[in-house]
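Student: fold the following for me, if possible:
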Amino acid sequence: MQEATVNVLAAEVRTLMIGARQVTLSVWKQLDLVSADEIIPFGRVSPGDGTYGLRVWHGPVVWIVGRHKDTGTLVRSQLPLNDFGMAEHVRSHKNGLTGPELHDKITEWKSLDLIVLAGLK
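Tutor: Numbers count the residues shown, from 1 in each chain. As a prediction, the model looks like this:
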């Protein structure tokens, strides 16, 4: 007979803090939405159904929270989960990126760490 054992696993949870306070989903929803070429990303955010605020893309998107590259303010951005079938003028109009740049940015964003936003207490 084999002996039963318990393995303890550790998981890392990343949160976004301003000073000593954790940023909530409610605050994140109110952040300005900027184009993909205007943000320095901190990480991905998974807000649930993905329809929070102004929605630029149809279909599934990857949401990002980060710092505006010029002003340094906290902002959010989004890109589609893939770039298949989008016309070139749509790509450049909606996010300032075209062709391979868009594909590379989507790949980069999908690999960013997930940031868990606090709920209301």
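
Student: when you work out contacts or count neighbours from here on, use the C-alpha atoms and nothing else.
Tutor: Fine.

Student: remind me, longest helix of the chain?
Tutor: In the chain, assigned by DSSP state H, the helix with the most residues is helix 99-110.

Student: who does that helix touch, helix- and strand-wise?
Tutor: Secondary structure elements in contact with helix 99-110, counted by 3 or more CA pairs under 8 Å, 6 or more residues apart in numbering; DSSP states H and E, are strand 39-45, strand 61-68, helix 88-95.

Student: try 7 Å
Tutor: The contact analysis (3 or more CA pairs under 7 Å, 6 or more residues apart in numbering; DSSP states H and E) places helix 99-110 against no helix or strand.

Student: what pLDDT is listed against the spatially most central residue of the chain?
Tutor: With distances taken as CA atoms, centre = their mean, residue 64 lies nearest the centre of the chain, 2.1 Å away. As summarised for this prediction, residue 64 has a pLDDT of 92.

Student: excluding covalently adjacent residues, which one is nearest to it?
Tutor: For residue 64, the nearest residue in space outside its immediate sequence neighbours is residue 44; the separation is 4.5 Å by CA to CA, 6 or more residues apart in numbering.
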